[in-house]
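# Next comes the sequence, and after it the predicted model I'd like to discuss.
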Amino acid sequence: MDFQSEPLNILVVDDEANIRKTLTICLETDGHQVTAVSNVQDAKVEAGQRVFDLAFVDMRLGMENGLDLIPTLLSSAPWLKIVVITAYPSVDTAVEAMRRGATDYIPKPFKPDQVMLVTQRVSKICAMEQRIAALQEDLNQVHPEITFNSKHPGMQRAIELARKVAQSEAIVLLSGPSGTGKTVLARAIHGWSQRATRPIGIISCPTLSPDLLESELFGHVKGAFTGALRDNPGRIAACEGGTLLLDEIGDLPLSIQPKLLRFIQDREYERVGDYQICRANVRIIAATNVDLNQAVKTGRFREDLYFRLNVFQIAIPPLRERPDDVEALAAAMLTFFGRQNHKRLIGFTDEALNALQQYEWPGNVRELQNIVERAAILCATEYVGLEYLSETLVPHSPPLRLGDLVTLSRIEEEHIRRVLAVSKSLQDAAEILGIDQATLWRKRKAYSI
């Protein structure tokens with residue numbers, strides 16, 4: 001497999017001015033960004049302020065041992081690749097450098113070709129690691145990919161806008177009801193962009209407390225709070241050069257909003273418990289299922305942050321407005337879940353397909369996915385019939401209401417079905433229902449949901 005060499009952010013630590021100058025010229029000529037310092041303390045400061053991909057570290061820095069710097073650099077950036085420079089190459093030196101966490105080493109005096117070779121090798125390693133991480137994430141996906149082919153003009157426009165804005169560096173605001181596929185489209189924008197070879201991270205704003213959300217977003221230093229046993233670089237640092245999706249940003253706590261605004265405007269931030277300014281190059285994509293303009297009017301969202309986020313808004317229409325897309329979406333999902341359950345499922349009966357197209361889909365694509373997955377599990381034939389679909393889809397079936405003359409178990413079943421239809425995961429559904437996941441799993445099994 002051919003991996004293209006990507007520009008890297010490189011730190012050079014050497015106490016000889018000529019070495020720093022030579023390395024800087026050589027690396028910058030090759031398209032990399034270089035920061036050069038002469039001592040351990042300055043190296044720590046720069047590493048705390050910027051995110052680096054690679055560091056060249058001299059083994060002897062005046063009276064200090066450059067190898068002692070390696071664990072410190074790796075503690076704040078575990079992904080960092082470190083190349084040790086030494087005038088005294090030996091097997092023992094190489095072994096000790098690798099034991100400390102170095103990736104490679106080069107002996108002095110070195111030639112530009114040697115520097116370029118080791119840099120290209122590191123660049124390929126970084127690219128492979130990012131691809132492996134992306135592939136591992138795909139393998140861990142339990143959900144089918146959503147097709148970007150649509151017959152609905154509103155959805156076609158959303159996809160067209162997403163493809164166009166992907167090539168820019170603009171902040172993107174994805175709006176639409178829960179379950180419409182905002183996260184999937186955000187991933188697609190990242191994949192279509194120049195940042196595709198870099199990481200993409202996702203933070204769900206409603207799922208964490210304000211303190212934990214701030215720590216997850218910006219990172220923290222050891223001892224910043226109870227339980228902070230080690231440095232955490234944070235999601236922004238981990239996404240250097242890539243994209244960060246802030247999901248359901250309408251639920252971002254007011255206490256964090258000015259800090260996010262500062263990062264968007266200046267690309268600067270501070271980790272929790274640290275006063276050192278950090279910098280990062282990360283593209284922000286935000287998603288919301290609420291009207292942020294209305295949230296501004298009610299004081300739940302800062303107006304200045306809203307204006308910074310609302311550079312390029314893409315509205316994703318709900319599934320009920322595009323019934324012509326239901327068939328294609330359902331077919332793709334059925335194929336996916338059929339394979340996952342080791343079944344040969346060809347399609348839906350006419351009755352079942354009609355029920356899918358007539359339904360209002362309050363839970364949007366996520367609800368469709370849940371219903372198709374259930375049908376794939378239950379279906380014993382090649383075609384999914386009406387009997388395998390959720391009762392909520394059966395035509396002419398009146399919706400259940402509180403006060404109807406039915407048993408409590410029937411009310412409970414219907415409520416669980418509706419919550420599952422709009423929840424992103426079993427954990428979210430369990431939290432909404434006020435029960436643990438094991439209990440929810442048993443109830444799903446009892447009700448054949």
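On my side now, so go ahead. Numbering: from 1, shown residues only.
# if I've got this straight, Tyr105 is in a strand?
Yes. Assessed with DSSP: H, G, I helix; E, B strand; the rest coil, Tyr105 lies in a strand.
# mind checking how far it is from His152?
Distance, Tyr105 to His152, using CB to CB, to the nearest Å: 58 Å. All C-beta atoms are positioned from the backbone trio N, CA, C, and that covers glycine.
# out of these two, which sits in the more crowded spot?
Tyr105 (20 against 15; other CB atoms under 10 Å).
# residue contacts, that one?
Val83, Val84, Ile85, Thr86, Pro89, Thr93, Ala94, Ala97 (CB atoms under 8 Å, 6 or more residues apart in numbering).
# For the spatially most central residue of the chain, which residues are in contact?
Centrality entry for the chain: nearest residue to the mean C-alpha point is Gly201, 2.4 Å, by CA atoms, centre = their mean. Applying CB under 8 Å, 6+ apart to Gly201 gives the contacts Arg235, Ala238, Cys239, Gly242, Thr243, Leu244, Leu245.
# Can you give me the neighbour number for the closest residue to Ile316 other than its chain neighbours?
The shortest distance from Ile316 to any non-neighbouring residue, by CB to CB, 6 or more residues apart in numbering, is to Gly176 (3.4 Å). Gly176 has 19 neighbouring residues, counting by other CB under 10 Å.
# any idea how far Gly176 is from Arg442?
Using CB to CB, Gly176 is found at 33 Å from Arg442.
# ok, back up a step: now secondary structure too, for the contacts of Gly201, in CSV please.
Below are the contacts of Gly201 laid out as CSV (three-state DSSP):
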residue, secondary structure
Arg235, helix
Ala238, helix
Cys239, coil
Gly242, coil
Thr243, strand
Leu244, strand
Leu245, strand
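# Show me which pair in the residues you listed is furthest apart.
Ala238 and Leu245 (13.0 Å; CB to CB).
# more neighbours, those two?
Taking neighbours as other CB under 10 Å, Ala238 and Leu245 compare with Leu245 leading, 25 against 19.
# That one against Ile200, yeah?
Yes. Between Leu245 and Ile200 there is a contact at 6.9 Å, judged by CB atoms under 8 Å.
# Mind listing what's buried along the biggest helix by length in the chain?
When the chain is parsed with DSSP state H, its longest helix is helix 112-140. For helix 112-140, a neighbour-count test (16 or more other CB atoms under 10 Å) marks Val115, Val118, Thr119, Val122, Ser123, Lys124, Ile125, Cys126, Ala127, Gln130, Ala134 as buried.
# lowest-confidence helix or strand of the chain?
helix 112-140 (a mean of 75; mean pLDDT, DSSP states H and E).
# Give me the contacts around the following helix or strand past it.
Once the chain leaves helix 112-140, the next helix or strand it forms, by DSSP states H and E, is helix 153-166. The contact list for helix 153-166 (CB under 8 Å, 6+ apart) reads 148, 150, 172, 185, 188-193, 312, 314-317, 321-322, 325.
# Out of these, which sit inside strands?
When DSSP state E defines the strands, the subset of those inside them is Val172, Phe312, Ile314, Ala315.
# which helices and strands does the longest helix of the chain pack with?
helix 17-29, strand 81-86, strand 104-107 (3 or more CB pairs under 8 Å, 6 or more residues apart in numbering; DSSP states H and E).
# could I have the last one exported to PDB, CA atoms only?
Extracted C-alpha coordinates of strand 104-107, given in PDB (Å, rounded to 0.1, in the frame of the first residue of the first chain):
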ATOM      1  CA  ASP A 104      14.500   5.800  15.900                       C
ATOM      2  CA  TYR A 105      17.900   7.500  16.200                       C
ATOM      3  CA  ILE A 106      20.500   9.000  13.800                       C
ATOM      4  CA  PRO A 107      24.200   9.500  14.500                       C
END
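# The stretch 201-350 of the chain: strands as residue ranges?
Counting by DSSP state E, counting those that start in this stretch, the stretch 201-350 of the chain has strands at residues 243-247, 268-270, 277-279, 283-288, 312-315, 347-348.
# Would you mind writing the CA trace of the first one as CSV?
What follows is strand 243-247, C-alpha atoms only, in CSV (Å, rounded to 0.1, in the frame of the first residue of the first chain):
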residue,chain,number,x,y,z
THR,A,243,-11.5,17.6,12.8
LEU,A,244,-13.5,17.7,16.0
LEU,A,245,-17.3,17.2,16.0
LEU,A,246,-19.2,18.8,18.9
ASP,A,247,-22.4,16.8,18.9
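# Tell me the buried residues in stretch 216-233?
Glu216, Leu217, Phe218, Gly219, His220, Val221, Ala224, Asp231, Asn232, Pro233.
# okay, the ones in strands among the contacts of helix 153-166 in CSV with neighbour count and distance to Arg157 next?
Shown next, in CSV, are these (neighbours: other CB atoms under 10 Å; distance: CB to CB, whole Å):
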residue, neighbour count, distance to Arg157
Val172, 27, 14
Phe312, 16, 13
Ile314, 22, 9
Ala315, 14, 9
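# And these, which is closest to Pro253?
Nearest to Pro253 out of the ones in strands among the contacts of helix 153-166 is Val172 (CB to CB; 21.9 Å).
# check contacts around the closest one.
Ala162, Val165, Ala186, Ile189, Ile285, Ala286, Val311, Phe312, Gln313, Ile314.
# Sketch out the low-pLDDT regions of the stretch 301-449 of the chain for me.
Residues of the stretch 301-449 of the chain meeting the criterion pLDDT under 70: 394-400, 448-449.
# follow-up on the earlier one: from the contacts of helix 153-166, which would you call buried?
150, 172, 185, 188-190, 193, 312, 314, 316-317, 322, 325.
# out of those, which one sits closest to His32?
For those, the minimum distance to His32 (CB to CB) is 20.5 Å, reached by Ser193.
# Next up, the contacts around the closest residue to Val37 other than its chain neighbours.
Spatial nearest neighbour of Val37, chain neighbours left out: Ala43 (5.2 Å); criterion: CB to CB, 6+ apart. By CB under 8 Å, 6+ apart, the contact set of Ala43 is Leu11, Val13, Val37, Ala55, Val57, Leu69, Leu73.
# what's the farthest-apart pair in these?
Val37 and Leu73 (12.0 Å).
# what do the two both touch?
Leu11, Ala43.
# Compare neighbour counts for those two and give me the winner.
Each of Val37 and Leu73 has its neighbours counted (other CB under 10 Å); Leu73 has more, 22 against 19.
# tell me the pLDDT at the more buried one?
For Leu73, the pLDDT comes out at 88.
# does it really touch Ile82, like I thought?
Yes. Leu73 lies in contact with Ile82 (CB under 8 Å); the separation is 6.5 Å.
# which residues are in contact with both of these two?
Ala55, Val57.
# In contact with Asp274, which residues are there?
Taking CB under 8 Å, 6+ apart, we find Asp274 in contact with Gly48, His220, Val221, Ala224.
# So which of those residues are in helices?
Counting by DSSP H, the contacts of Asp274 contribute Gly48 to helices.
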